[in-house]
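>>> how does the following fold in three dimensions:
(2 chains)
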Amino acid sequence: MSAVAVPITAARPRRGLNLTYLKVELRRLLRNRRTVIFTLVMPPVFFLLFGTVDSYKTDSVGHANVTAWIMISMALYGAILATTSGGASVSIERAQGWTRQLRLTPLSPVTYVATKVISAMVLGLGAVVVTAAVGIPAGADGDMARITESLVLAWVGSSVFAAFGLFMGYLLPAENVMQILGPVLALLSFAGGLFMPLGDGVFATIAKFVPTYGLAQIVRAPVTDDGVSMWAFVNVIAWGAVFVAGAAWRFRRDTARV
Amino acid sequence: MTTDLLDPSPTGTLALDLRGLRKSFGTVRAVAGLDLAVRPGEVVAFLGPNGAGKTTTIDMLLGLADPDEGTVSVLGLEPGAAIAAGRVSAVMQSGGLLKDLTVRETVELTASFFAGARPASEVLQRAGIADIADRRVGKCSGGQQQRLRFALALLPDPDLIVLDEPTTGMDVEGRRDFWNALRADAARGRTILFATHYLEEADAYADRIVMVSHGRIVADGSAAQVKNLTSGRVVSASFDEPIDEAALRALPGVLDVEVRRERLIVRTTDSDAVARHLLTATDATDLEIAARGLEDAFIALTTDRSDTATATTTTTTTEKSRA
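So this is what the prediction gives:
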């Protein structure tokens, strides 16, 4: 049998980030009314609903008032929604054959994933900025450097939930998976203590096992004096491992035929 | 039955060169030793029933699946390199489109993946969808979506276009529009390989028909040659007294005589003569005359004459007619 592989003479693959693709991805996110409502509208609205009680503006959590504490939590909630929907869209696009279609073009898989990650993070940043823009005039106050640190942590930390979205997208590969994930995340955020302080009751105990709990503790640590409990790290690492393992498990199952 | 492949001219590179391809999924042998050479400029139909291994073969020649055995060369390149170079493109059966984009956005986005892609307006025009450029993909009919896939395939101005059952699920009008667009493009001298399970499509649009069954090529020739294989009719009848098969075989036009359970099955190009004989010279009852389908042609092509009495579809895997 003669050798068939011949050196490439006419290859014209494109390397690096494809700005056209990034622009199209951002346009798709903004065009999706559901995504916009969940990530850019609901967090500031929830903040106004839960966080602007008069006593919250005067009570301190250490280095900021309770209103700022809730604003940070809502920013994290919005960022989590953005990364979750970004992760879910990868598995949905895979189920729809889009990634297979991309394999018939010179676009590299790395560029694809990078484009999805960047657009999800841009949306997450949007959620954080919008919530802060509403929250600070509405009474969120305290050590601004520490508040900013918390907001940046919320933005960066939300990336853990990209794996959650990826996993859920594989489990529920419906086009409007966010219709399910939106309410689920709201519930998880509520139970994990993102919407209001948990106190010491039975809810506080349950919260320790909810996926959003650990991340919330870590993100809010700069503005509180409590420090971060070991439980918070155990929670983030354990749930992160579950999401990554779950996504990898589903990914392998559907790779049998590209 | 099969035409021998000519050696490629010493200077030319084959558009497609598949050798000894094999691929199994678990215990299912999807492709069981397939060789195919396509010369530049040929329009080849890859014809076979569902499950014949057409899609698996196409996946391998596009680098979407790796063969268990054998080699694939596309325009002298390894598949991934041929795709990266924009030398080969494909129209897949379904999926692969983002429903929330418009037709034009989809084309412009895909164009950005290639260096030196053709202009979006040009491929929209050539695929016959310039008038729906601003429509959301999700709102397009199956036929329009398929012409969009075709437009995307035209972007890199490839030497070879591969189409996997491009008209599955389309209505008659959509099918006609799609083939008209493809046919207009083929006139430009591009090499085209399309899979189909419709003999009429293969006949109308291909220069050469490659028939596959059970993961192997069972016939390879011009449309006329392959059509001959499926011409004629099948006459079947029940009988009580044994029927003289030799007398039947002696009738003009009879290709094959077979007995399956209590049923006599005769393949012939002259069904009138067989019917007349059965009704007048034998006590055959319950006579039926049916046109021969593609499936029947596969059986005819792959069944050894010496064991026709026990022929069932399982014998289509025999190697006999490949010689």
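>>> just say helix, strand or coil for B:Trp248.
One correction, residue B:248 is Leu, not Trp. Here B:Leu248 is helix, with the state taken from DSSP: H, G, I helix; E, B strand; the rest coil.
>>> pretty sure A:Asp141 is touching A:His63, no?
No - assessed by CB atoms under 8 Å, A:Asp141 is found out of contact with A:His63, at 10.4 Å. In this view, the C-beta of every residue, glycine as well, is placed from N, C-alpha and C.
>>> mind listing the helices for the chain?
All of this refers to chain A. Here chain A has its helices, by DSSP state H, at A:19-31, A:33-36, A:42-51, A:54-58, A:66-95, A:98-102, A:109-135, A:144-157, A:160-171, A:177-191, A:202-207, A:211-220, A:230-253.
>>> my bad, chain B
Counting by DSSP H, the helices of chain B are B:54-61, B:79-84, B:103-113, B:120-126, B:142-154, B:172-186, B:199-205, B:223-230, B:245-250, B:271-281, B:294-302.
>>> quick check: B:Ala52 touching B:Ser213?
Yes - look at B:Ala52 against B:Ser213 with CB under 8 Å: they come within range, at 5.3 Å.
>>> which residues touch A:Arg220?
With CB atoms under 8 Å, 6 or more residues apart in numbering or on different chains as the criterion, the residues that contact A:Arg220 are A:Val61, A:Trp69, A:Ile72, A:Ser73, A:Ser150.
>>> mind redoing it with 7 Å?
Going by CB atoms under 7 Å, 6 or more residues apart in numbering or on different chains, A:Arg220 touches A:Trp69, A:Ile72, A:Ser73, A:Ser150.
>>> and the gap between it and A:Leu151?
A:Arg220 sits 11 Å away from A:Leu151, going by CB to CB, to the nearest Å.
>>> shared neighbours of those two, anything?
Here A:Arg220 and A:Leu151 have A:Ile72 as joint contacts, going by CB under 7 Å, 6+ apart.
>>> tally of neighbours for the residue of chain A found nearest chain B?
Closest contact between chain A and chain B, by CB to the nearest CB, is at A:Gly97 (2.7 Å). Look at A:Gly97: counted by other CB atoms under 10 Å in any protein chain shown, it has 16 neighbours.
>>> with adjacent residues omitted, what lies nearest to B:Asp134?
B:Thr102 (5.4 Å; CB to CB, 6 or more residues apart in numbering or on different chains).
>>> contacts only, for A:Leu26.
A:Ser119, A:Val122.
>>> change it to 10 Å
Shown in contact with A:Leu26 (CB atoms under 10 Å, 6 or more residues apart in numbering or on different chains): A:Thr115, A:Ile118, A:Ser119, A:Val122, A:Leu123, A:Gly126.
>>> quick check: the last one vs A:Arg220, distance?
Read that as A:Gly126. Distance of A:Gly126 to A:Arg220, given as CB to CB: 21 Å.
>>> got it, and the first one?
According to CB to CB, A:Thr115 and A:Arg220 sit 31 Å apart.
>>> just give the number of residues close to the residue in chain B that chain A sits nearest to.
Nearest residue of chain B to chain A: B:Gly95, at 2.7 Å (CB to the nearest CB). Neighbour count of B:Gly95, defined by other CB under 10 Å: 13.
>>> am I right that it is in contact with A:Gln96?
Yes - B:Gly95 is within contact range of A:Gln96, at 5.5 Å (criterion: CB atoms under 10 Å).
>>> quick revisit: quick one: the residue of chain B closest to chain A from B:Gly169, how far?
Distance from B:Gly95 to B:Gly169, counting by CB to CB: 12 Å.
>>> what of B:Asp244?
B:Asp244 is 48 Å from B:Gly169, by CB to CB.
>>> ok, now B:Ala290?
27 Å.
>>> check A:Glu175 too.
Applying CB to CB to A:Glu175 and B:Gly169 gives a distance of 19 Å.
>>> now for B:Gly95 and A:Gln96: what residues contact both?
Joint contacts of B:Gly95 and A:Gln96 (CB under 10 Å, 6+ apart) do not exist.
>>> what's the neighbour count on residue 113?
All of this is about chain A. Neighbours around A:Val113, by other CB under 10 Å: 12.
>>> nope, chain B please
Quick note: B:Phe113 (other CB under 10 Å) scores 24 neighbours.
>>> ok, now which ones touch it?
The neighbours of B:Phe113, taking CB under 10 Å, 6+ apart as the test, are A:13-14, A:18, A:20-21, A:102, A:104-108, A:111-112, B:86, B:152, B:155-156.
>>> which stretches of the stretch 51-200 of chain B have low pLDDT?
Counting by pLDDT under 70, not a single residue of the stretch 51-200 of chain B qualifies.
>>> chain A contacts on the stretch 151-300 of chain B?
Along the stretch 151-300 of chain B, the residues adjacent to chain A under the rule CB under 10 Å from any CB of the partner chain are B:Leu152, B:Ala153, B:Leu155, B:Pro156, B:Asp159, B:Val162.
>>> the fifth one contacts B:Leu14, doesn't it?
No - in this structure B:Asp159 lies outside contact range of B:Leu14 using CB under 10 Å: 11.2 Å.
>>> between those two, what contacts are shared?
What both B:Asp159 and B:Leu14 touch, as defined by CB under 10 Å, 6+ apart, is the set B:Pro40, B:Val74, B:Leu75, B:Thr191.
>>> let's have those in a markdown table, adding neighbour count.
Putting those into a markdown table (neighbours: other CB atoms under 10 Å in any protein chain shown) gives the following:
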| residue | neighbour count |
| --- | --- |
| B:Pro40 | 17 |
| B:Val74 | 28 |
| B:Leu75 | 22 |
| B:Thr191 | 22 |
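>>> and these as CSV, adding distance to A:Met42?
Below are the shared contacts of B:Asp159 and B:Leu14 laid out as CSV (distance: CB to CB, whole Å):
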residue, distance to A:Met42
B:Pro40, 58
B:Val74, 50
B:Leu75, 53
B:Thr191, 54
